[in-house]
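A.B. asks: A structural model of the following input is requested.
(2 chains)
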Amino acid sequence: MSSALLTLADSRLPAGGHTHSGGVEQAIAAGIVGDPVTLTAFLRRRLHTAGAVAAGLAAAACGADAESLAHLDQEADARTPSPALRAASRAQGRGLVRVGRRAWPSSAWDALPEPPHHPIALGVAAHAGGLTPRDAAAVAAYLSISGPATAAQRLLAMDPLAVAALTARLAPEVDAVAESGRNGHFCRIPAAADSLLDLLAEVHAARKDRFFAS
Amino acid sequence: MPHGRIGSLPPDHNLDDYVDSHTPEHRYGGPLRIGLGGPVGSGKTALAAALCRTLGAEYDLAVVTNDIYTTEDADFLRRNAVLPDDRIEAVQTGCCPHTAIRDDITANLDAVELLESRHPGLELVLVESGGDNLTASFSYGLVDVQIFVIDVAGGDKVPRKGGPGVTASDLLVVNKTDLAPLVGADLDVMRRDSAVVRSGKPTLLISLREDPSAAEVADWVREQVRVRVAAGANTTRA
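C.D. replies: Numbers count the residues shown, from 1 in each chain, chains lettered A, B, ... in the order given. The predicted structure follows:
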């Protein structure tokens, strides 16, 4: 394993992820998430839907040419019915490109649509960093829960040790999602929609009193 | 690049290879970016509004706000700074106003770049942080210079306490001097302590209530713009 993988998955990588809650801010407002048990349920649901889709897209984008990247970006659009989530994904993609270009210079960045969906940018970042499609899938799957977990910890003033523990215990499931997403054929990219996440995102985007961008 | 006394191991590695050659866009040109930081209630938004009113006719300017929760600051600016909506961008900071101006400036860079693309002639951007503590400071990847705003009502010992905002900011503003007699604050102590901890960098003691134009701070801003233009930054924009 390359330590570039650790850099890419590190929440301290300044790519803007800390301003997004992955829907958990609205899930808390709606009373769906309120403690470690309900947070775990939310994270598992997100991992197996949005996380699985992101893992498949990121793996497919890792090493893809310009034409395929444009196609994959459309595949991401098609799998993201919520306009708010599309905007959030592209905002995070833009942030990752900004830091990724500096960290891992590569001509692959120029082949990306501007701004790209986040998983597509993740795939390119992984490739530029010398990583594999499996690595790209792993980062995408991991980020699909690590960001919301931290956001919930902040919003609910949860015990950070409890949040760290439940995130760590999800590792086998994260690995399984990454493993199933590693096959980069377009036709095998998951399309696991979650109407709950879509609805939460739309309600959240209309609020003025929010801490997180999404 | 000389490695000085640190040395480098192993010797066949060149340290320059690790440092990317990128310079933030705003170092080359575009508008001067000024960070406005400081504790809650010290007068950051009031100062931003005052600067907009005083300098709005001289410079093509815009503001980024980093409210912790609402768009209250942005709304205040719309009402008080005579600034049109398309010149104010509000950033959500994910419960961490400090992170958004120092450790991960992505959301703020997005906001500044959006304003720059919307107003190609922009000359000045004020980036106002969410209210934070004395350790708050802006990354110089986001702003060119920064102003830290404290107030007399917070106690005359604040400058002595220091912290990066007080000691390292390019300008320290001590607001609400009109309240000094009411809260028992000694302005001479604040002035003297500031000079000691700031190693010669400027401090202005002001009252936005008595001077809503923030004339002295506006003069400092004009000087920053003048220095930047004299350095040719605006003529070498990439």
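
A.B. asks: now do the contacts for the residue in chain A that chain B sits nearest to.
C.D. replies: Per C-beta to the nearest C-beta, A:G16 is where chain A lies closest to chain B, at 3.1 Å. To be clear about C-beta, it is placed using only N, CA and C from the backbone, and glycine gets the same treatment. Applying C-beta atoms under 8 Å, 6 or more residues apart in numbering or on different chains, we find A:G16 in contact with A:A91, A:Q92, A:R94, A:G95, A:L96, B:D104, B:T106, B:A107, B:D110.

A.B. asks: and for B:H119?
C.D. replies: Taking C-beta under 8 Å, 6+ apart, one finds B:D60, B:A62, B:D86, B:R87 in contact with B:H119.

A.B. asks: separation between A:R98 and B:R226?
C.D. replies: 30 Å (C-beta to C-beta, to the nearest Å).

A.B. asks: who's more crowded, these two?
C.D. replies: Set A:R98 next to B:R226 and count neighbours by other C-beta atoms under 10 Å in any protein chain shown: A:R98 wins out with 20 against 11.

A.B. asks: so what's the more buried one up against?
C.D. replies: Each residue near A:R98 by C-beta under 8 Å, 6+ apart is listed here: A:A15, B:T106, B:L109.

A.B. asks: of these, closest to B:A48?
C.D. replies: Among these, B:L109 lies closest to B:A48 (C-beta to C-beta), at 18.8 Å.

A.B. asks: count of residues packed around the closest one?
C.D. replies: B:L109 - counted by other C-beta under 10 Å - has 25 other residues nearby.

A.B. asks: and the one helix or strand it maps to, what does it pack against?
C.D. replies: Here B:L109 sits within helix B:106-118, counting by DSSP states H and E. The elements that helix B:106-118 packs onto, with contact taken as 3 or more C-beta pairs under 8 Å, 6 or more residues apart in numbering or on different chains; DSSP states H and E, are helix A:83-103, strand B:61-65, strand B:88-90, helix B:97-101, strand B:124-128.

A.B. asks: run a quick neighbour tally on A:N183.
C.D. replies: Using other C-beta under 10 Å, A:N183 has 15 neighbouring residues.

A.B. asks: next one: the one 3 residues further on
C.D. replies: Residues lying near A:F186 (other C-beta under 10 Å) number 13.

A.B. asks: could you measure from B:T93 over to chain A?
C.D. replies: 6 Å (C-beta to the nearest C-beta, to the nearest Å).

A.B. asks: ok, that residue touching B:E128?
C.D. replies: No - using C-beta atoms under 8 Å as the test, B:T93 is too far from B:E128 to be in contact (11.7 Å).

A.B. asks: okay, and the common contacts of the two?
C.D. replies: B:N66.

A.B. asks: look at the two and report which has more neighbours.
C.D. replies: B:E128 (28 against 25).

A.B. asks: where along chain B do the strands fall?
C.D. replies: B:32-37, B:61-65, B:88-90, B:124-128, B:145-151, B:171-175, B:203-205 (DSSP state E).

A.B. asks: do you know how far the spatially most central residue of chain A is from B:A231?
C.D. replies: Nearest to the geometric centre of chain A sits A:S144, at 4.2 Å (C-alpha atoms, centre = their mean). Applying C-beta to C-beta, the value for A:S144 to B:A231 is 45 Å.

A.B. asks: repeat for A:L96
C.D. replies: 32 Å.

A.B. asks: compare neighbour counts for the two and give me the winner.
C.D. replies: Ranked by neighbour count (other C-beta under 10 Å), A:L96 and B:A231 place A:L96 first, with 28 against 10.

A.B. asks: on that earlier part again, in TSV: the strands of chain B, plus mean pLDDT and distance to chain A.
C.D. replies: Compiled in TSV, these are given as follows (pLDDT from 0 to 100; distance: least, C-beta to the nearest C-beta, whole Å):
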stretch	mean pLDDT	distance to chain A
strand B:32-37	97	16
strand B:61-65	95	13
strand B:88-90	91	9
strand B:124-128	97	15
strand B:145-151	97	18
strand B:171-175	97	26
strand B:203-205	98	31
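
A.B. asks: for stretch A:110-119, give the mean pLDDT please.
C.D. replies: Averaging pLDDT along stretch A:110-119 gives 95.
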